[in-house]
Structures are given as C-alpha cells and as structure tokens.
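>>> requesting a structural model of the entry that follows:
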Amino acid sequence: MNAVFAGLAGVGRYGLWVRDFCRALAAHGPPQGQTLAEAFRIGIKSLPILLIIAAFVGTNLALQGYNAFKPLGGQRLVGMFVSLAGVRELAPIIAAAMISAKAGTEMASQIGVMKIREQVDALEVMAVNPLAYLVAPRLIGIMLVLPALTIIAIFVMLSSAYLVSVHQLGLAGHEFIQFASESIEPIDFVYGAFKAMFFGLIICTISCYFGFNCGKGPAGVGQATNRAVVTSSVVCIALNYFLSEMLYGGAL
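Below you'll find the model as predicted:
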C-alpha cells in the first residue's frame with residue numbers, strides 16, 4: 001500500500017508541476033531562437049539510430065508475417081500485416097522509445113546538472129522563469145520533430161519489409177504494394193502523427209520534471225535520468241492502447 005500511495009503522490013506532484021509550467025508558458029512564452037536548435041538536436045541526432053531500428057523491425061515483420069500466413073496459404077497478405085502493424089502501432093511507439101532513450105535522458109540530465117549547480121536558481125534571480133526558459137523550447141521542438149520521425153520510420157519500415165518480401169521470400173512486389181495500400185488510409189498517417197505529438201508531450205514533461213526534482217550530487221542526476229526514461233517509456237506504451245482505442249475503436 002505504501003508503494004501505491006507513493007505512486008499516487010508522485011502523479012500528483014507531476015500534475016502540479018505541469019500546472020506551474022502551463023502558467024509560466026502562458027505568462028512568459030517560449031524564449032526566442034531556441035526552439036529550432038532543440039528541434040535539430042532532438043530530431044537530426046536521433047535519426048540514424050531510428051533508421052536502423054525501423055529497417056530491422058520492418059524486415060522482422062515481413063519474415064514473421066510470412067511464417068504466420070504460409071501454413072494458411074496467405075503469404076501475399078504480408079503487405080497488409082506489415083502496413084497495419086507498422087503504420088498504426090509500431091512506428092509511433094518505436095520513434096517515441098528512441099526519443100525517450102536519447103533525448104529524454106539528455107533533458108533530464110542537463111536540467112538536473114543545472115539544478116545541482118544552482119543555475120536554475122540563478123535564472124530566477126535574473127527574473128527569468130526557468131520553466132518557460134528551459135522546458136518550452138524542448139517541448140515545442142520534440143512535438144515538431146517526433147511526427148516527422150514517425151513518418152520517416154513508416155517509410156523505412158515498409159521499404160525494408162518490401163525488399164525482404166520480394167527479394168528473399170519470393171513474393172510478388174505488386175501484391176505487396178496492393179495489399180499494403182489497401183489496408184491503410186491517409187488518416188492512419190494523421191493518427192500516427194497525432195500519437196507522436198502526444199508521446200512527445202509525455203516524454204518532455206516527464207523528463208524535465210525529473211530533472212527539476214533530482215537529488216543532490218551526480219548520484220541524484222543519474223537516478224533522475226534513469227527514472228525519466230523508464231517512466232516516460234512505460235507511460236507511452238501504456239497510453240498507446242488508449243490512444244488506439246480512441247482513434248480506431250473496434251476497427252483494429
């Protein structure tokens with residue numbers, strides 16, 4: 001029971017922190033000139049690892065889909081399987097997981113170091129709101145680039161699945177493209193981008209929250225960083241179900 005109460009108290013403290021951030025953002029607005037820099041740092045630097053992971057996820061989807069459908073004589077449905085699983089579910093959550101592991105840890109550690117070095121207090125002394133100054137550019141940047149990274153992950157995932165299906169498994173390329181295109185709609189890409197924006201909001205606020213509330217010394221920063229990436233990843237994966245239920249309902 002103590003763990004449950006501690007968890008609920010942590011959720012409450014996070015909610016109050018988000019409230020304070022929203023008030024600070026409404027009162028001061030994001031600082032000029034930092035949003036694009038944060039978007040570049042979060043997006044471009046995370047792109048190589050995302051491309052590698054998306055490519056191999058696509059190949060694995062094609063291989064497993066082929067093995068699952070082959071006993072039923074439905075090998076040509078691999079394109080449908082890859083597109084449904086990749087576009088609707090895997091691409092947004094994989095992009096979010098990569099951003100959480102890379103950019104989320106950087107946010108928590110950078111703000112945590114500033115906290116223990118009293119640089120956050122120095123901003124307050126200079127009449128600069130640290131929430132608006134430190135969090136807002138990161139939040140806007142991640143919400144700009146994560147949908148774009150998700151669309152790129154979808155393209156790479158489908159391309160790698162196509163190559164494996166056609167050149168390794170011997171399926172007809174036109175059938176793969178036909179079933180892939182017929183199983184998804186343009187709105188699925190919009191839903192994927194919406195999921196990505198929501199995941200970006202969760203990752204940034206949770207990571208910055210733990211950074212602002214880290215313990216003393218390097219050990220406190222390390223603990224805050226670990227909690228940030230674990231919590232944001234778990235929350236994104238859990239919320240993905242509810243988002244899918246809200247967006248697709250019984251269509252899944």
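>>> low-confidence stretches in the stretch 51-200 of the chain?
For the stretch 51-200 of the chain, no stretch is flagged by pLDDT under 70.
>>> which residues touch Gly104?
Gly104 makes contact with 203-204, 206-207, 228-229, 232, according to Cβ atoms under 8 Å, 6 or more residues apart in numbering. For glycine as for every other residue, the C-beta is placed from the backbone atoms N, C-alpha and C.
>>> let's see 6 Å
Gly104 is in contact with 203, 207, 228-229, 232, counting by Cβ atoms under 6 Å, 6 or more residues apart in numbering.
>>> and the nearest residue in space to His28 that is not next to it in sequence, how far is that from Phe199?
With Cβ to Cβ, 6 or more residues apart in numbering as the criterion, His28 has its nearest non-adjacent residue at 4.1 Å, and that residue is Ala132. Applying Cβ to Cβ, to the nearest Å, the value for Ala132 to Phe199 is 22 Å.
>>> next: Leu163.
Taken as Cβ to Cβ, the span from Leu163 to Phe199 is 28 Å.
>>> who has more neighbours, these two?
Phe199 (30 against 16; other Cβ atoms under 10 Å).
>>> report the central residue of this structure.
Nearest residue to the geometric centre of the chain (Cα atoms, centre = their mean): Ala96, 1.6 Å.
>>> for that one, which residues are in contact?
Contacts of Ala96 (Cβ under 6 Å, 6+ apart): 199, 236.
>>> using PDB, write out every CA atom in stretch 218-235.
What follows is stretch 218-235, C-alpha atoms only, in PDB (Å, rounded to 0.1, in the frame of the first residue of the first chain):
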ATOM      1  CA  PRO A 218      25.900  13.100  -9.500                       C
ATOM      2  CA  ALA A 219      24.000  10.200  -8.000                       C
ATOM      3  CA  GLY A 220      20.800  12.300  -7.900                       C
ATOM      4  CA  VAL A 221      21.200  13.300 -11.500                       C
ATOM      5  CA  GLY A 222      21.800   9.700 -12.600                       C
ATOM      6  CA  GLN A 223      18.800   8.500 -10.600                       C
ATOM      7  CA  ALA A 224      16.600  11.200 -12.100                       C
ATOM      8  CA  THR A 225      17.800  10.300 -15.600                       C
ATOM      9  CA  ASN A 226      17.000   6.600 -15.100                       C
ATOM     10  CA  ARG A 227      13.600   7.400 -13.700                       C
ATOM     11  CA  ALA A 228      12.800   9.700 -16.600                       C
ATOM     12  CA  VAL A 229      13.500   7.300 -19.400                       C
ATOM     13  CA  VAL A 230      11.800   4.300 -17.600                       C
ATOM     14  CA  THR A 231       8.700   6.300 -16.600                       C
ATOM     15  CA  SER A 232       8.200   8.000 -20.000                       C
ATOM     16  CA  SER A 233       8.700   4.800 -21.900                       C
ATOM     17  CA  VAL A 234       6.200   2.900 -19.700                       C
ATOM     18  CA  VAL A 235       3.700   5.700 -19.900                       C
END
